[in-house]
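**Q** how would this look folded up:
(one chain, ligands or ions: 2)
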Amino acid sequence: MVSARLQLGNSRRSDQFPLSIVRSCHSFEGNERDAMLLEIDAITKSFPDSEGRVPVLQGVSLGLEAGQTLALTGDSGSGKSTLLHIASGLEQPDTGAVRLDGTDLTQLDDSARALLRRNDIALVFQQFNLIPSLNVAANIAFQARLAGRADNAHIKTITAALGLDPYLGKYPETLSGGQQQRVAIARALAAKPKVLLADEPTGNLDENTAEDVLAQMMELVAQTGAALMVVTHSPHVAGRMDRQVHLRGGVIG
Ligand SMILES: Nc1ncnc2c1ncn2[C@@H]1O[C@H](COP(=O)(O)OP(=O)(O)O)[C@@H](O)[C@H]1O
Ligand SMILES: [Mg+2]
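**A** Ligands and ions are numbered 1, 2, ... in the order given. Down below sits the predicted model:
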């Protein structure tokens with residue numbers, strides 16, 4: 001586990017981040033909190049509509065230790081994607097904290113938050129968000145390269161396991177939804193993130209391909225101690241995770 005964690009870049013952290021961020025890693029107390037890799041703490045989020053603001057998340061708290069897996073379920077529109085976007089640092093909550101290794105993402109400025117996201121968090125978007133101007137191979141390697149840890153052997157393994165070898169030279173717009181989804185998953189796995197957040201990652205896949213995706217996500221968790229949070233409607237996928245939580249009425253039920 002120790003060597004795997006080093007591969008993830010922990011040892012580089014103090015060199016890369018401004019001192020203020022490194023200090024904030026030590027701003028919490030207690031061993032229990034030390035053990036938590038990702039801590040979502042009392043998150044609220046509302047969106048404006050014509051009538052005013054619609055509350056979506058109304059005090060969501062969740063913790064994930066390294067190597068833990070969690071399934072997030074909930075009806076359509078219950079706020080699952082919103083919670084994942086906030087957990088990834090992509091979107092800011094109205095109130096509450098998102099701590100990664102004790103660093104509160106919500107308190108960082110945009111560039112520090114972007115750096116932390118790039119290095120430590122991978123998000124598989126529900127709508128894939130591939131980069132249209134890059135071919136499949138470049139899309140897959142994209143975040144890993146930015147994070148400075150493109151591991152070609154690792155990338156080859158993932159690409160083969162997800163059946164993407166025939167598509168490496170193709171561009172996203174020429175792929176089916178299911179193929180694009182696999183590329184998005186490969187991109188996230190290739191980056192060897194500390195936290196993998198996947199938004200309905202098997203939604204467009206047949207049963208066998210979904211199984212391959214699940215196997216690769218679990219492999220990442222086993223090999224690197226990543227924490228995994230998966231939004232899913234699949235009882236099968238949910239059943240494979242350590243924990244299952246349900247979002248309803250803006251809170252975890
Ligand atoms: N950027 C946004 N602007 C306005 N409303 C939004 C935005 N994002 C999400 N919502 C609203 O928040 C609610 C939850 O959306 P979402 O998180 O996508 O739900 P889920 O992923 O569970 O289907 C929905 O009512 C949606 O319309
Ligand atoms: Mg969603």
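**Q** how close does the closest residue to ligand 2 within the stretch 51-200 of the chain get to ligand 1?
**A** The nearest approach of the stretch 51-200 of the chain to ligand 2 comes at S81, 3.2 Å away (C-beta to the ion). (Glycine included, C-beta is placed from N, CA and C.) Separation of S81 from ligand 1 (C-beta to the nearest ligand atom, to the nearest Å) stands at 3 Å.
**Q** if I've got this straight, that residue is in a helix?
**A** Yes: assessed with DSSP: H, G, I helix; E, B strand; the rest coil, S81 lies in a helix.
**Q** ranges for the helices of the protein?
**A** 2-7, 13-16, 19-24, 31-35, 80-87, 110-120, 136-146, 152-161, 177-190, 207-224, 235-239 (DSSP state H).
**Q** Next, the buried residues of the fifth one.
**A** Residues 80-87 are the ones in helix 80-87 that count as buried (16 or more other C-beta atoms under 10 Å).
**Q** Pick out whichever of these sits closest to E173.
**A** Taking C-beta to C-beta as the measure, E173 lies nearest S81 of those, at 22.9 Å.
**Q** is it true that the closest one touches Q127?
**A** No: contact criterion C-beta atoms under 8 Å: S81 and Q127 do not qualify, at 9.2 Å.
**Q** returning to that earlier point: is it possible to get the helices of the chain out as JSON lines so that each row also shows distance to D49 and mean pLDDT?
**A** Formatted as JSON lines, the helices of the chain follow (distance: least, C-beta to C-beta, whole Å; pLDDT from 0 to 100):
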{"stretch": "helix 2-7", "distance to D49": "43", "mean pLDDT": "38"}
{"stretch": "helix 13-16", "distance to D49": "40", "mean pLDDT": "37"}
{"stretch": "helix 19-24", "distance to D49": "35", "mean pLDDT": "35"}
{"stretch": "helix 31-35", "distance to D49": "36", "mean pLDDT": "56"}
{"stretch": "helix 80-87", "distance to D49": "14", "mean pLDDT": "98"}
{"stretch": "helix 110-120", "distance to D49": "26", "mean pLDDT": "96"}
{"stretch": "helix 136-146", "distance to D49": "33", "mean pLDDT": "98"}
{"stretch": "helix 152-161", "distance to D49": "40", "mean pLDDT": "97"}
{"stretch": "helix 177-190", "distance to D49": "29", "mean pLDDT": "97"}
{"stretch": "helix 207-224", "distance to D49": "35", "mean pLDDT": "95"}
{"stretch": "helix 235-239", "distance to D49": "31", "mean pLDDT": "95"}
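**Q** Please identify which of those is closest to R99.
**A** helix 31-35 (8.1 Å).
**Q** Now the residue of the chain most remote from its centre. Its backbone dihedrals?
**A** Computed with C-alpha atoms, centre = their mean, the residue of the chain farthest from its C-alpha average is E51, at 32.6 Å. Here is the backbone geometry of E51 (degrees, to the nearest 10): phi -90, psi -10.
**Q** Now do it, the pLDDT please.
**A** Here, the pLDDT recorded for E51 equals 85.
**Q** how close does it sit to L228?
**A** For E51, the distance to L228 equals 37 Å [C-beta to C-beta, to the nearest Å].
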